[in-house]
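> This is a predicted model, with the sequence first.
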Amino acid sequence: MIPKRSLLVFGTFLLSLLLYVDRTCISLAKDSITKELGLTNEHWAWVLAAFAFGYALFQTPGGMMADQFGARIVLSVVVTVWSIFTGLSALAWNLTSLLVIRFLFGAGEAGAFPGMAKVVYSWIPIPERGLVKGINFSGSRFGAAIAMPGIAWLIHAIGWKLSFVVLMVIGFVWALFWWRWFRDEPKDHQAITKAELDYILSNRQKVAPTVPLSPDAPAAKTTKMLASGNLWLMMTQYFASNFTFFFSLTWLYPYVKEKYQLTTVDAGFYAMAPLIAGAIGNIFSGWLVDALYRRGHASLSRKIPAIIGFALAGLGMLMSADQATAEGAIIWLSIAIFGADMTLSPSWSFCIDIGGKHAGAVSGTMNMAGNLGAAITALAFFYLPSTSKSSGAFFQVAAGLSTAAIVCWIFANRDKTITQS
């Protein structure tokens with residue numbers, strides 16, 4: 001019999017895949033939307049940033065809701081809400097309406113990964129968490145990779161507006177499945193075997209019972225989190241990780257298409273390669289995290305994959321700038337995204353380590369900082385070339401942030417939990 005936690009991981013993999021298909025489709029519809037709404041590239045930079053700001057600002061609240069109300073209801077609601085705004089994107093009539101819809105779309109998506117962190121905390125034994133987080137994040141990269149040629153074809157076939165409606169309906173289907181199948185605690189799942197339940201309960205952190213919050217509890221929890229040096233280190237390094245990765249979701253497709261004079265389909269396939277590399281980086285890093293942990297290197301199991309990842313990310317971004325051919329640029333960008341995505345499994349595993357029963361809020365706060373980096377990426381790629389003497393200014397900044405992130409990991413300490421900070 002297939003373990004229920006394996007089916008759970010498959011469900012969250014599909015969620016992650018859907019999340020990034022819906023997130024990426026806006027970039028693939030850029031030409032159609034900008035032409036129809038009369039937008040410039042500067043307008044488009046703010047459209048991309050609007051999503052990231054909404055996504056970032058609601059990360060911590062989304063994580064707190066998952067901690068308090070459970071991932072069953074939170075993920076069901078989150079997917080339903082973001083799917084509604086995916087469909088509403090088709091109704092945008094000017095720049096302002098599109099900015100508002102994309103901001104709310106980002107806010108709707110915000111609870112997804114913190115909610116999944118809560119699922120991992122409750123259902124996944126500690127020795128399996130690295131690979132599980134790697135699989136979850138690989139879904140997002142495969143989703144974005146599939147979207148590059150797949151959604152580009154769908155938009156060509158039925159138009160960008162109807163394509164967004166199709167994606168909305170798919171989201172509703174996943175939300176219904178999750179609500180009917182998932183339970184917040186393994187013991188409440190009717191189909192789980194006693195052997196699997198015993199294994200999960202004996203190999204995870206103790207789950208404290210959920211109790212109603214007192215009026216001052218959220219403020220107290222936030223104060224304790226923000227007093228944690230570990231959390232600030234995680235926020236800083238995740239800012240750097242997302243600054244590099246978000247480029248592949250936003251500007252990479254139009255960048256290679258315009259710079260190397262590619263067709264729409266060819267640009268889609270080129271832009272797909274770094275995302276597939278990212279998916280492989282996630283799975284490899286997750287495996288490495290668990291392998292090191294099982295050998296008794298609990299601290300190094302988080303540090304080593306992240307440090308290697310940031311070293312590759314910095315190198316890849318530097319070398320990708322000003323490549324003479326699309327192939328050369330994509331090879332180095334694939335190395336960069338592979339490296340940036342190697343940092344995800346250790347980052348989220350580290351937050352679950354130090355967060356414990358507050359894993360959703362802690363990981364959400366880290367993700368908030370990361371997606372502020374994503375928002376700045378959307379703007380920086382447009383503005384940096386016009387304010388710097390070097391055409392590679394964006395790539396140099398990304399490499400510099402990766403170097404700073406390595407320093408953060410050197411000082412990070414997974415044994416100092418939030419309650420001890």
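Everything's here; your move. Residues are numbered from 1 along each chain as shown.

> Point out where the stretch 101-250 of the chain drops to low pLDDT.
Scanning the stretch 101-250 of the chain for pLDDT under 70 picks out 205-226.

> Strands of that one, residue ranges please.
Using DSSP state E, counting those that start in this stretch, no strands are assigned anywhere in the stretch 101-250 of the chain.

> Do a quick rundown of the helices in it.
112-123, 129-158, 160-181, 194-202, 217-226, 229-250 (DSSP state H, counting those that start in this stretch).

> which strands and helices sit next to the third one?
Think helix 160-181. The contact analysis (3 or more C-beta pairs under 8 Å, 6 or more residues apart in numbering; DSSP states H and E) places helix 160-181 against helix 4-28, helix 71-88, helix 129-158. In this view, the C-beta of every residue, glycine as well, is placed from N, C-alpha and C.

> Same list (the ones you listed) but as a markdown table, adding mean neighbour count.
Formatted as a markdown table, these follow (neighbours: other C-beta atoms under 10 Å):
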| stretch | mean neighbour count |
| --- | --- |
| helix 4-28 | 22 |
| helix 71-88 | 22 |
| helix 129-158 | 23 |
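
> can you tell which of those is closest to residue 250?
Closest to residue 250 of the helices and strands packed on helix 160-181 is helix 4-28 (C-beta to C-beta; 5.7 Å).

> Please save the CA atoms from the helix or strand that the closest one is followed by in CSV.
Toward the C-terminus, helix 4-28 is succeeded by helix 30-37 as the next helix or strand (DSSP states H and E). What follows is helix 30-37 as a C-alpha-only set of coordinates in CSV (Å, rounded to 0.1, in the frame of the first residue of the first chain):
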residue,chain,number,x,y,z
LYS,A,30,3.1,40.1,-22.1
ASP,A,31,2.9,40.9,-25.8
SER,A,32,-0.8,40.4,-26.0
ILE,A,33,-1.6,42.3,-22.8
THR,A,34,0.7,45.2,-23.4
LYS,A,35,-0.6,45.7,-26.9
GLU,A,36,-4.2,45.5,-25.8
LEU,A,37,-3.9,47.7,-22.8
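
> Check which residues of helix 30-37 are buried.
Neighbour-count burial for helix 30-37 flags 30, 33, 34, 37 (criterion: 16 or more other C-beta atoms under 10 Å).

> Point out where the stretch 301-421 of the chain drops to low pLDDT.
In the stretch 301-421 of the chain (pLDDT under 70), the answer is 385-391, 419-421.

> where exactly do the helices run in it?
Under DSSP H, counting those that start in this stretch, the stretch 301-421 of the chain gives helices at 326-342, 344-355, 359-387, 393-411.

> Of those helices, flag the one that's most buried.
helix 344-355 (a mean of 30; mean count of other C-beta atoms under 10 Å).

> which helices and strands sit right next to that one?
helix 112-123, helix 129-158, helix 229-250, helix 264-294, helix 300-320, helix 359-387.

> and of the buried residues of helix 30-37, the nearest to residue 23?
residue 30 (13.6 Å).

> Touching, residue 189 and residue 3? I think so.
No - proximity of residue 189 to residue 3 does not meet the contact threshold set by C-beta atoms under 8 Å, at 11.3 Å.

> Between the two, point out the one with more neighbours.
residue 189 (18 against 14; other C-beta atoms under 10 Å).

> residues in contact with the more buried one?
4, 182, 183 (C-beta atoms under 8 Å, 6 or more residues apart in numbering).

> Tell me how far residue 156 lies from residue 169.
Separation of residue 156 from residue 169 (C-beta to C-beta, to the nearest Å): 20 Å.

> Correction: the previous question concerned residue 275.
Residue 275 is 24 Å from residue 169, by C-beta to C-beta.

> These two: which has the busier surroundings?
The residue with more neighbours, out of residue 275 and residue 169, is residue 275; 27 against 11, by other C-beta under 10 Å.

> was I right about that one contacting residue 150?
No - taking contacts as C-beta under 8 Å, residue 275 lies outside contact range of residue 150: 12.0 Å.

> what's the spacing between the residue of the chain most remote from its centre and residue 411?
Farthest-out residue of the chain from its mean C-alpha position, per C-alpha atoms, centre = their mean: residue 194, at 33.5 Å. Shown here: residue 194 relative to residue 411, a distance of 43 Å by C-beta to C-beta.

> if I read this right, residue 418 contacts residue 358, doesn't it?
Yes - under the criterion of C-beta under 8 Å, residue 418 makes contact with residue 358 at 6.0 Å.

> more crowded one of those two?
Shown here are residue 418 and residue 358; by other C-beta under 10 Å, residue 358 has more neighbours (25 against 22).

> on that earlier part again, any common contacting residues for residue 275 and residue 150?
Common neighbours of residue 275 and residue 150 (C-beta under 8 Å, 6+ apart) do not exist.

> Run a quick neighbour tally on residue 195.
10.

> Can you tell me how far residue 367 is from residue 161?
For residue 367, the distance to residue 161 - C-beta to C-beta - is 30 Å.

> ok, now which ones touch residue 109?
19, 22, 23, 55, 78, 82.

> Quick check: it vs residue 192, distance?
The value you get for residue 109 to residue 192, if C-beta to C-beta is used, is 29 Å.

> before we move on, what about residue 240?
39 Å.

> more neighbours, these two?
More neighbours surround residue 240 than the other of residue 240 and residue 192, with 28 against 17 (other C-beta under 10 Å).

> ok, now how distant is residue 156 from residue 382?
26 Å.

> now do residue 136
Relative to residue 382, and taking C-beta to C-beta, residue 136 is found at 31 Å.

> okay, now residue 122: neighbour count?
Residue 122 - counted by other C-beta under 10 Å - has 20 other residues nearby.

> Do I have it right that it meets residue 185?
Yes - counting by C-beta under 8 Å, residue 122 touches residue 185, with 6.3 Å between them.

> Make CSV out of the contacts of residue 109 and add pLDDT and distance to residue 398.
Below are the contacts of residue 109 laid out as CSV (pLDDT from 0 to 100; distance: C-beta to C-beta, whole Å):
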residue, pLDDT, distance to residue 398
19, 86, 23
22, 84, 25
23, 80, 20
55, 85, 19
78, 92, 29
82, 90, 27
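
> Quick one: distance of the host helix or strand of residue 51 to the chain centre.
Using DSSP H and E, residue 51 sits within helix 41-57. The chain centroid and the centroid of helix 41-57 are separated by 16 Å, computed with C-alpha atoms, centre = their mean, to the nearest Å.

> Remind me what that helix packs against, helices and strands.
helix 4-28, helix 30-37, helix 95-109, helix 359-387.

> That concludes my questions; thank you for your assistance.
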